[in-house]
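Trainee: All I have is the shape, not the residue letters:
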């Protein structure tokens, strides 16, 4: 589906799931290079930025959270010329609908009253892209805060799954943000060639926004790793306490089992055998043995 918006002399074409007709339109109308067409049609695992004679081409990746809390990495292709912007994607990008509404309303009025070229529209798209990424990261930070609050509430086993899911989300954000660093660093020089020296201010804002995203991701990564380590320590402490209790019980019952086995031997020369109080005497010996071991363990502060 192809949507065309024109404000003054600036055209924005948004293409969702490009068809052969869309490709022919791009080739004939805007003289898009075959390498760019190939990149738009195919799926690209890595972001990129290329500069051609009359436009620059960007490949970016967009995080789209699923209902299962994992991240779907979607691709956005952007072709930016002096008087046009083309966005192409094979999957729905809700963010572009929001930018389009702003472009058609508030931002469009600013463009009509200024001499800004399509570089300003590109800035709008990229700025919204980065702000949306940061908003999604804020949700990750919120989840980290929730885990911190209940870390010492005795829910270590339940937190293992939550922390693992959160780590996977952060890894997905890293996979998106880190490779795009070189793209936004190169955007400054490339955009100046296309839009002029005035665009350096906008490219600096984009670069700083991306640096903020990377800093937030790194901070979230370090924090969740520390939370995981702390949770594992608490879990190990609980496990060690359980093992210690079971070990103490085993040690206490070992001599009792030995004494019971001795008096269970088939022989005629066992102490207290064939007396009226033999059972009670043996039981008292076993109880005394158990109590003495418990007192010894308490004296050593093992229990």
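Mentor: Noted; the coordinates are in hand. These numbers come from a predicted model, not from an experiment. Numbering: from 1, shown residues only.

Trainee: pLDDT below threshold where in the stretch 1-150 of the chain?
Mentor: Along the stretch 1-150 of the chain, the model assigns pLDDT under 70 to residues 103-117.

Trainee: Let me see the ranges of the helices in it.
Mentor: Using DSSP state H, counting those that start in this stretch, the helices found in the stretch 1-150 of the chain span residues 20-30, 34-41, 94-104, 106-112, 118-150.

Trainee: With respect to burial, which of those scores highest?
Mentor: With neighbours defined as mean count of other CB atoms under 10 Å, these peak in mean count at helix 118-150, which reaches a mean of 17. C-beta coordinates here come from the backbone N, C-alpha and C atoms, glycine included.

Trainee: I'd like to know which elements that helix is packed against.
Mentor: Packed against helix 118-150, as judged by 3 or more CB pairs under 8 Å, 6 or more residues apart in numbering; DSSP states H and E, are the following elements: strand 10-16, strand 55-65, strand 71-81, strand 84-89, helix 94-104, helix 106-112, helix 156-195, helix 200-263.

Trainee: and residue 50, what does it touch?
Mentor: Contacts for residue 50 were tallied using CB atoms under 8 Å, 6 or more residues apart in numbering; they are 35, 36, 56, 57.

Trainee: Quick check: it vs residue 79, distance?
Mentor: In this view, residue 50 and residue 79 are 10 Å apart by CB to CB, to the nearest Å.

Trainee: who touches both of these two?
Mentor: Common neighbours of residue 50 and residue 79 (CB under 8 Å, 6+ apart) are 36, 56, 57.

Trainee: Return the member of those nearest to residue 7.
Mentor: The shortest gap between residue 7 and any of the shared contacts of residue 50 and residue 79 belongs to residue 56, at 20.6 Å (CB to CB).

Trainee: Can you give me the neighbour number for the closest one?
Mentor: When neighbours are defined as other CB atoms under 10 Å, residue 56 has 21 of them.

Trainee: Surely it touches residue 194?
Mentor: Yes - taking contacts as CB atoms under 8 Å, residue 56 lies within contact range of residue 194: 5.7 Å.

Trainee: between these two, what contacts are shared?
Mentor: Shared contacts of residue 56 and residue 194, defined by CB under 8 Å, 6+ apart, are found at residue 80.

Trainee: coming back round to it: of all the contacts of residue 50, which two lie farthest apart?
Mentor: Checked with CB to CB, those reach their widest spread between 35 and 56, with 12.9 Å between them.

Trainee: gap between residue 285 and residue 263?
Mentor: Residue 285 sits at a distance of 9 Å from residue 263 (criterion: CB to CB).

Trainee: Could you check the pLDDT of residue 289?
Mentor: Confidence per residue is given as pLDDT, and for residue 289 that number is 83.

Trainee: Ok, the one 4 residues further on next?
Mentor: At residue 293, the model reports a pLDDT of 81.

Trainee: List the residues that contact the nearest residue to it once chain neighbours are set aside.
Mentor: By the measure of CB to CB, 6 or more residues apart in numbering, the closest residue to residue 293 outside its immediate chain neighbours is residue 252, 5.1 Å from it. Taking CB under 8 Å, 6+ apart as the contact definition, residue 252 lies against 290, 293, 294, 297.

Trainee: ok, the residues you listed vs residue 227, which is closest?
Mentor: Within the contacts of residue 252, the smallest distance to residue 227 is 34.9 Å, found for residue 297 (CB to CB).
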